[in-house]
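Enquirer: sequence and predicted model, in that order:
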Amino acid sequence: MSAFDLKFTSNALSDELSDTSLLLPLSDPSSTARAQDVVAAAQADYARLISVMYDRGFFAPQVSILINGREAALLSPVRPIDQIRTVEVRVSTGPAFKFGRARIAPVPQNAGLPDAFISGETATTRILKDTVEAGVTSWRALGYAKAGLASQSITARHGAARLDADIQLDPGPQLRFGSLRVSGNTRMRSARIAEIAGLPKDKIFDPEEVDRAGTRLRRSGVFASISLTEAENISLNDRLDIEAQVTESKPRRFGFGAELSTQEGLGLSGFWLHRNLLGGGERLRLGAEIMGIGGTTGGTDYELTLAFSRPATFGSDTDFFTNAVISSLNEPNFSSDRVSIEAGVHRYATPEREYSLGVGYTAANTMDTFGTRSYRILTLPLSAEFDYRDDDLNATKGYYAKASLTPFLNLRGTTNGARGFIDTRAYRSLGADKRMTFAVRGQLGFVAGPSLRNAPADLLFYSGGGGTVRGHNYQSLGVDQGNWNTIGGASFIGLSGEVRVKTGENLSVVGFYDTGFVGSKVVPRNRSGNWHSGAGLGVRYDTGIGPIRFDVAAPVGTPLRAKNVKLYIGIGQSF
């Protein structure tokens with residue numbers, strides 16, 4: 001069928017109504033719609049257009065859709081027109097209605113009803129729907145899980161352009177949580193699913209508790225999909241069971257990663273993971289990492305890790321974990337062969353806040369400018385993490401902060417002390433489409449207790465490289481001991497800023513500036529250490545699972561020469 005001439009006239013809401021119409025795309029010259037398709041679209045448009053006007057407060061509209069001059073509603077669907085030449089849509093919205101009587105009952109105090117649901121305000125179907133939803137939600141929050149709409153009387157008084165609304169809710173009985181009924185699980189035990197979900201049986205129903213249960217089950221990493229629904233029927237003694245439909249993920253998984261820089265060389269990592277080792281959500285992860293391949297940062301580093309965790313061990317939001325690490329570090333200013341083991345608990349206070357507490361043992365042999373030493377310490381690691389970013393791999397707003405403190409007790413080779421570190425990040429995007437993002441990062445670290453000569457060499461701080469100050473050699477800044485000898489510092493400050501600008505759907509350009517300080521004293525002072533800075537440009541290509549990062553940087557305050565330029569490639573933003 002050839003294209004037809006479409007004419008659309010309305011006294012108000014012209015753009016919104018025409019965009020809603022099913023006839024608009026059929027009038028395109030490229031359309032292959034048949035005549036009966038156009039008739040069907042026109043007949044469906046009556047309800048669509050009226051719905052839009054009701055939603056904007058016009059309850060006395062008039063709609064006429066003429067096909068070849070005949071009203072579309074009167075055309076027979078079984079006797080299609082041979083040829084459609086013209087379609088004319090005529091809309092008169094009529095006056096905007098206001099609420100006359102606006103009543104909803106019963107509702108609890110502080111129900112949070114829409115402010116516009118009062119006499120004299122513009123009446124729309126959207127406000128009516130929001131009012132019913134707010135009333136039902138307020139009852140459900142108080143334990144009335146089966147609250148719903150009992151009846152409604154909506155009367156349009158056309159002469160006065162008023163809409164009277166009388167809404168009656170039925171709260172139903174106040175309910176308490178019953179049992180969690182699990183289906184779909186194969187290897188995971190139902191009792192452990194209920195334990196991880198943590199629904200408070202016999203407590204008053206709360207929809208937020210159901211949401212938290214879903215979060216806990218997803219956090220366990222065992223399931224590919226989870227659906228929590230309320231049972232259709234109420235059990236004895238006003239108990240409401242919750243039905244959990246789950247699909248388990250494949251229990252085993254492996255992965256790998258790579259990172260490249262001109263100074264640190266190539267880094268490779270891989271892991272093997274079992275998500276559900278014993279049928280109770282136990283997670284076992286084996287990892288290996290080789291860093292510094294082909295680099296000029298002292299040598300090649302190796303690390304083997306074993307991590308075991310069990311969700312909901314001390315309550316539904318507290319996991320048990322134990323980690324073991326064997327590493328060999330060959331850094332520019334020291335080397336270390338180290339074995340450590342740690343066990344503890346991890347607490348999920350909210351979706352954004354986490355805490356951990358553990359106890360550990362570390363044994364290491366180190367070599368630096370002071371010679372070869374060994375130490376043995378008991379540790380008490382503590383940490384707190386706040387994550388309010390919108391995306392942990394490519395944040396555009398929010399903030400992140402993690403603080404860790406590890407007091408240690410000397411068993412051999414050092415003295416009692418503590419190591420602390422704080423990492424904070426903040427993000428803000430500007431513009432209507434949020435294409436420019438400002439990102440800042442601050443780091444602060446200290447080692448208190450032992451002197452630099454007696455401190456574990458692998459606990460001290462350096463600056464320079466991809467994680468601190470780009471453009472400088474890896475760990476190039478420490479505490480100068482003379483004769484080209486450098487050791488780590490007892491204090492560290494790192495500051496970074498980036499401006500990220502999207503230039504396309506997936507491509508961004510980045511400008512950045514980093515600065516770092518390393519001092520010989522626990523409290524950083526200019527007299528006890530030195531600063532260095534670097535700056536550069538980069539590009540990001542968003543892959544959907546995180547941006548690929550390409551940065552070029554050089555030291556600030558030195559001549560720009562090819563040998564001073566450093567290259568960094570990785571996955572994810574630099575911070």
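Expert: Received it, and whenever you're ready, just let me know what you need. Numbers count the residues shown, from 1 in each chain.
Enquirer: only C-alpha atoms for contact and neighbour calcs from this point on.
Expert: Will do.
Enquirer: which residue ranges make up each domain of this protein?
Expert: 5-92, 98-170, 176-248, 330-571 (automatic domain parsing).
Enquirer: Ala288: which of those domains is closest?
Expert: domain 330-571 (14.3 Å; Cα to Cα).
Enquirer: where does the nearest residue to Ala60 once chain neighbours are set aside fall, phi/psi-wise?
Expert: Nearest residue to Ala60 in three dimensions, chain neighbours excluded: Gly94, at 5.4 Å (Cα to Cα, 6 or more residues apart in numbering). Per-residue torsions, Gly94: phi 70, psi -170 (degrees, to the nearest 10).
Enquirer: look at Gly94 and report its pLDDT.
Expert: Note for Gly94: predicted pLDDT of 94.
Enquirer: I'd like to know how far it sits from Gly148.
Expert: From Gly94 across to Gly148, the span is 33 Å (Cα to Cα, to the nearest Å).
Enquirer: now swap in Ile104 and tell me
Expert: Counting by Cα to Cα, the gap from Ile104 to Gly148 is 12 Å.
Enquirer: overlap in contacts of those two?
Expert: Leu169 (Cα atoms under 8 Å, 6 or more residues apart in numbering).
Enquirer: hmm, back to that, surely the residue nearest to Ala60 touches Val63?
Expert: No: applying Cα atoms under 8 Å as the test, Gly94 and Val63 come out as separate, 10.5 Å apart.
Enquirer: just to revisit the earlier point, what's the local residue count around the residue nearest to Ala60?
Expert: Gly94 has 17 neighbours, counted by other Cα atoms under 10 Å.
Enquirer: contacts only, for it.
Expert: 58-62.
Enquirer: thinking again about what came up before, can I get the domains of the chain in a markdown table with distance to Met291 and mean neighbour count?
Expert: Below are those laid out as a markdown table (distance: least, Cα to Cα, whole Å; neighbours: other Cα atoms under 10 Å):
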| stretch | distance to Met291 | mean neighbour count |
| --- | --- | --- |
| domain 5-92 | 57 | 17 |
| domain 98-170 | 52 | 17 |
| domain 176-248 | 28 | 18 |
| domain 330-571 | 10 | 19 |
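Enquirer: could I get those as TSV with distance to Thr300?
Expert: Formatted as TSV, those follow (distance: least, Cα to Cα, whole Å):
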stretch	distance to Thr300
domain 5-92	63
domain 98-170	58
domain 176-248	33
domain 330-571	6
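Enquirer: mind checking which of the ones you listed is nearest Ser269?
Expert: That would be domain 330-571 among these, by Cα to Cα, at 12.5 Å.
Enquirer: do a quick rundown of the strands in the stretch 1-150 of the chain.
Expert: 5-10, 62-67, 70-71, 86-92, 98-105, 148-157 (DSSP state E, counting those that start in this stretch).
Enquirer: rebuild those as TSV, extending it with distance to Tyr355.
Expert: TSV is the format used below for the strands of the stretch 1-150 of the chain (distance: least, Cα to Cα, whole Å):
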stretch	distance to Tyr355
strand 5-10	60
strand 62-67	61
strand 70-71	69
strand 86-92	61
strand 98-105	44
strand 148-157	40
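Enquirer: which one of the ones you listed lies nearest to Val510?
Expert: strand 5-10 (47.5 Å).
Enquirer: what angle do that closest one and strand 86-92 make?
Expert: 0 degrees (axes from the mean of the first three to the mean of the last three Cα atoms, to 10 degrees).
Enquirer: who does the host helix or strand of Phe492 pair up with?
Expert: Using DSSP states H and E, Phe492 sits within strand 491-502. Here strand 491-502 is paired, per DSSP bridges, with strand 436-448 (antiparallel), strand 507-519 (antiparallel).
Enquirer: let's have those strands in JSON lines, adding mean pLDDT and distance to Ala224.
Expert: Formatted as JSON lines, the strands paired with strand 491-502 follow (pLDDT from 0 to 100; distance: least, Cα to Cα, whole Å):
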{"stretch": "strand 436-448", "mean pLDDT": "97", "distance to Ala224": "33"}
{"stretch": "strand 507-519", "mean pLDDT": "97", "distance to Ala224": "31"}
